[in-house]
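Visitor: Following is a predicted model, sequence given first.
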Amino acid sequence: MKLIVFGASNSSKSINKKLATYAGSLLLKKLKDAHMEILDLNDFELPLFGADLEERIDPPENAKAFLAKLAEADAIIISFTEHNHSYTVAWKNLFDWCTRIEKSVFQDKPVVLLSTSPGSRGGANVMERALKSLPSYGADIKANLSIPSFFDNFDMQSGELKNPELKQQLEQAVSTLR
Ligand SMILES: Cc1cc2nc3c(=O)[nH]c(=O)nc-3n(C[C@H](O)[C@H](O)[C@H](O)COP(=O)(O)O)c2cc1C
């Protein structure tokens, strides 16, 4: 089984990338013959999407490369960063370019959606948006979980959730991908 995980953020210190990676490692503990690839949105940098630019250039290689990575996956874990109650610019830009090549960006793969933020709602707004829209783009959503108050609940040194209830909820969420 090939598991692809990423945080929908281009921050080099992304807490959502940390959470997605941790969630993936919890699943790997339960599975033999599984491996995980961690994607970084910075490896798929693209110009700002616009209708005029789209007319002038061929579909960008980095959007094609991102779609190809998702095509390799048997399961996907995404953790969404919330910026002003919505997606980050980096994710929305990559996503928009991808949809112009292939509307089914997630290619009917099983997906677990996560979000986290330092705030008490843990990215609940961006989660709401993703839950509504991603099924239209080929995501077979198996479970979702928002982790509130990231820095209270996650031990940065060990790279693990220190809140046992949240850890259990996360284990349950990722086990839907088995
Ligand atoms: C422009 C901007 C807007 C933000 N808006 C929100 C928000 O709406 N809700 C929230 O919980 N946190 C918000 N934050 C705080 C982010 O959750 C925090 O920076 C988090 O670390 C970003 O996730 P990342 O580390 O995965 O990139 C915002 C941060 C920035 C820079």
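Guide: Yep, it's here. Residues are numbered from 1 along each chain as shown.
Visitor: Which residues are in contact with the residue nearest the centre of the chain?
Guide: In the chain, the residue lying closest to the centroid (CA atoms, centre = their mean) is I78, at 1.8 Å. By CB atoms under 8 Å, 6 or more residues apart in numbering, the contact list for I78 reads V5, F6, G7, A8, A20, V111, V112, L113, L114, A130. Every residue, glycine included, has its C-beta placed from N, CA and C.
Visitor: Recalculate using a threshold of 10 Å.
Guide: Going by CB atoms under 10 Å, 6 or more residues apart in numbering, I78 touches 4-8, 16, 20, 23, 39, 91, 106, 111-115, 130, 134, 139, 144.
Visitor: what do you get for K142?
Guide: Neighbouring residues of K142 by CB under 10 Å, 6+ apart: 75-77, 109-113, 173-178.
Visitor: L53 now?
Guide: Per CB under 10 Å, 6+ apart, neighbours of L53: P47, P60, W97.
Visitor: Where does confidence bottom out across the contacts of K142?
Guide: Lowest pLDDT among these: R178, with 91.
Visitor: rewinding a little: TSV please, covering the contacts of K142 and showing secondary structure and distance to the ligand.
Guide: Below are the contacts of K142 laid out as TSV (DSSP: H, G, I helix; E, B strand; the rest coil; distance: CB to the nearest ligand atom, whole Å):
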residue	secondary structure	distance to the ligand
A75	strand	21
I76	strand	17
I77	strand	14
K109	strand	22
P110	strand	23
V111	strand	18
V112	strand	16
L113	strand	14
A173	helix	18
V174	helix	18
S175	helix	24
T176	coil	23
L177	coil	21
R178	coil	26
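Visitor: The contacts of I78 in helices, which ones?
Guide: Among these, the members found in helices (DSSP state H) are N16, A20, A23, W91, A130.
Visitor: just the contacts of L53 now: which is nearest L27?
Guide: When the contacts of L53 are compared for distance to L27 (CB to CB), W97 wins out at 28.6 Å.
Visitor: any idea which helix or strand carries the nearest residue to the closest one once chain neighbours are set aside?
Guide: Distances taken as CB to CB, 6 or more residues apart in numbering place A63 nearest to W97, at 3.9 Å, with adjacent residues excluded. Using DSSP states H and E, the element containing A63 is helix 61-72.
Visitor: List the contacts of the residue of the chain positioned farthest from its centre.
Guide: Going by CA atoms, centre = their mean, the residue of the chain most distant from its centre is R56, 29.8 Å out. R56 is in contact with G50, counting by CB under 10 Å, 6+ apart.
Visitor: how much space between it and C98?
Guide: 18 Å (CB to CB, to the nearest Å).
Visitor: So which residues on the protein come close to the ligand?
Guide: Residues of the chain lying near the ligand by CB under 6 Å from any ligand atom: 7, 9, 11, 14-16, 81-85, 117-119, 121, 123.
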